[in-house]
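# okay, sequence plus prediction incoming.
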Amino acid sequence: MYSIGLDVSKAIISIHVPLNSLDLEIENNLKSLKSFYAKLKKLYKKEIDDLVFVYEPTGSYSAILTKFCSTN
């Protein structure tokens, strides 16, 4: 299992990917989440199903991320 740490704010999601110690920021919207997930698929390949997203629910700010995680 691999943990991906996310810090959710109104406009930005700050992300830490342990593999390659990658730190990045994406916009807090569905399009950016889909693009980020596509990058993770390339990075983790067959292990993509072993990923766990770790974040603190922040009410309405994390709603898009929560829905995205539950459908992918």
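Looks like it came in fine.
# got the phi and psi for the most far-flung residue of the chain relative to its centre?
Ranking residues of the chain by C-alpha distance from their mean position (C-alpha atoms, centre = their mean) puts residue 46 at the top, at 17.3 Å. With angles defined as degrees, to the nearest 10, residue 46 sits at phi -70, psi -20.
# gap between it and residue 19?
According to C-beta to C-beta, to the nearest Å, residue 46 and residue 19 sit 13 Å apart. Any C-beta I mention is one placed from the backbone N, CA and C, and that applies to glycine too.
# repeat for residue 47
9 Å.
# same question, residue 30
Applying C-beta to C-beta to residue 30 and residue 19 gives a distance of 24 Å.
# and the residue farthest from the centre of the chain, how far is that from residue 59?
From residue 46 to residue 59 the distance is 35 Å (C-beta to C-beta).
# now residue 41. Nearest residue, chain neighbours left out?
Closest residue to residue 41 apart from its sequence neighbours, by C-beta to C-beta, 6 or more residues apart in numbering: residue 48 at 5.2 Å.
# if you could redo that for residue 11, that was the one I meant.
Per C-beta to C-beta, 6+ apart, closest to residue 11 is residue 28, 5.7 Å.
# need the contact list for the one you found.
8-13, 61, 64-65 (C-beta atoms under 8 Å, 6 or more residues apart in numbering).
# can you give me the pLDDT of it?
Among the per-residue scores, residue 28 shows a pLDDT of 97.
# over to it: give its phi and psi.
Backbone geometry at residue 28, expressed as degrees, to the nearest 10, gives phi -90, psi 70.
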